[in-house]
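Asks: Structure of the sequence below:
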Amino acid sequence: MKKESWISRLAFFVNKVLAILTFLAYILPFLAPKLFPFLSVLTLLLPLFLIVNFIFFIVWVLQLKRKALLSGFVLLIGITFINKLYRFSETNEKAESNDFTLMSYNVRLFNKYEWLPNKKVPSDISDVIQNYNPDILCLQEYTPNENVRLRNFPFKNIELEGNKNKYGQAIFSKYEIINTGEIDFPNSSNNVIFADIVKFKDTIRVYSMHLQSIKISTDIHEKLDENKSKFIFMRISEAFKEQQLQSELIKAHYDSCKYPKIICGDLNNSAFSYVYRNIKGEMNDAFEEAGSGFGKSYNFKYYPARIDYVFVEDIFKVKEFQTNNQVKLSDHFPVITRLEIVEKESKK
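Replies: I've put the predicted structure just below:
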């Protein structure tokens, strides 16, 4: 019998370590981050774990080795996680007269502090919004700007804070808004706002959320020494604990709402996190219903970071969903979905 090479043995050892970490990441969404704040960071790496497991699986299969069973089993167990990572087919059903579109977009203060060299960001974002012409528009990291043209929305809810430099969130609607409100987070400038919107004979509640940021640089080439890496790790852990409290406040609020609900915005966390699972609850993720590809919504180099979401209750049928990662006017990309209000029995 031919002796196995040291490279093959080392590769399988790495494969086994990866399998353990992947299983651990599978469990973490069911555990509150405040219990294991450092381990919770692994949920951010789950997409990478799944991709590398798939690579190991293919390598071992091509070599006709039973080692493929390990990664194969890991991928089989995590099939529901794979659907959150990547969707192979896109849904785009025929538009009907009673459909409506919703856009959610973290506009990064319309480039107020010139992170991008483009001086026309506010007007360019206006053009993007005008081209999509959504019926409901939710903007996170919003700030008033004279170059932003949003004339097609007669109804709005804007919640700002700050004195000289005001910022916050905004919901714009073509349909009548009959009630508005806000969920404040303790010791945080982040929040959630909502609007009760009347569409024909239906009243729906739309929440726009912006949870605690984990403040990871989008520049993957940024030099990281050991001390800085530890600091970032601890900062992410603390942000996850803050997000847990924020998600519980959101859930308690929407549980008391009698209207059909849509929750959208910047979660600042992955679809594999406790926070995602807690806020989503029994609702549907519009990307999983009708999206395609990785659904990348945050402009992080070489990594498919999906942190902007649209969650809808069963009364809404998701007929189309897209993330436009060609619009590079913020550190986020706009997400757009087309919905129809239907009865539960006829949703299929």
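Asks: May I have the phi/psi pair for residue 266?
Replies: phi -100, psi 100 (degrees, to the nearest 10).
Asks: going forward can the numbers begin at 233, since that is how I track them
Replies: Noted, 233 is the first residue going forward, which turns the last one into residue 498.
Asks: Quick one: residues contacting the closest residue in space to residue 325 that isn't next to it in sequence.
Replies: With sequence-adjacent residues excluded and distances taken as C-beta to C-beta, 6 or more residues apart in numbering, residue 325 is closest to residue 551, at 4.1 Å. (Each C-beta comes from the backbone N, C-alpha and C, glycine too.) If a contact means C-beta atoms under 8 Å, 6 or more residues apart in numbering, then residue 551 has 323, 324, 325, 327, 331, 522, 570, 571, 572 as its contacts.
Asks: So for the helix or strand hosting residue 551, mean pLDDT?
Replies: Using DSSP states H and E, residue 551 sits in strand 548-555. The average pLDDT within strand 548-555 is 97.
Asks: Identify the neighbouring strands of whatever helix or strand comes next after it in the sheet and state each direction.
Replies: Using DSSP H and E, the helix or strand that follows strand 548-555 in sequence is strand 567-573. With DSSP bridges as the test, strand 567-573 is paired with strand 332-338 (antiparallel), strand 548-555 (antiparallel).
Asks: next one: strand 567-573 to chain centre, how far?
Replies: Centroid displacement of strand 567-573 relative to its chain, using C-alpha atoms, centre = their mean, to the nearest Å, is 16 Å.
Asks: what residues does that strand touch?
Replies: Outside of strand 567-573, the residues within contact range by C-beta under 8 Å, 6+ apart are 327-328, 330-337, 364, 366, 431, 434, 436, 492, 494, 496, 518-519, 522, 529, 540-542, 544, 547-556.
Asks: how about 6 Å then?
Replies: Residues outside strand 567-573 that contact it (C-beta atoms under 6 Å, 6 or more residues apart in numbering): 331-336, 364, 434, 518, 529, 540, 542, 547-549, 551-555.
Asks: cool, and stretch 397-415?
Replies: With C-beta under 6 Å, 6+ apart, stretch 397-415 has contacts from 341, 367-372, 374-375, 382, 385, 387-393, 423-431, 440, 481, 485.
Asks: Please, where are all the helices along this structure?
Replies: Here the chain has its helices, by DSSP state H, at 238-259, 274-294, 300-309, 311-317, 353-364, 458-487, 506-512, 518-522.
Asks: Tell me how many other residues crowd residue 474.
Replies: By other C-beta atoms under 10 Å, 22 other residues sit near residue 474.
Asks: Setting aside sequence neighbours, what's the nearest residue to it?
Replies: Spatially, and ignoring its direct neighbours in sequence, residue 474 is nearest to residue 444 (4.2 Å; C-beta to C-beta, 6+ apart).
Asks: Give me the neighbour count for residue 388.
Replies: Other residues within reach of residue 388, judged by other C-beta under 10 Å, total 14.
Asks: Quick one: residues contacting it.
Replies: residue 404.
Asks: Try it again at 7 Å.
Replies: By C-beta atoms under 7 Å, 6 or more residues apart in numbering, residue 388 lies in contact with 402, 403, 404, 405.
Asks: do residue 288 as well
Replies: Here residue 288 is in contact with 247, 303 (criterion: C-beta under 7 Å, 6+ apart).
Asks: From residue 246, how far off is it?
Replies: 8 Å (C-beta to C-beta, to the nearest Å).
Asks: do residue 237 as well
Replies: Going from residue 237 to residue 246 by C-beta to C-beta gives 14 Å.
Asks: quick one: which of those two has more around it?
Replies: residue 246 (12 against 9).
Asks: most neighbours, which of the contacts of residue 388?
Replies: residue 403 (27 neighbours).
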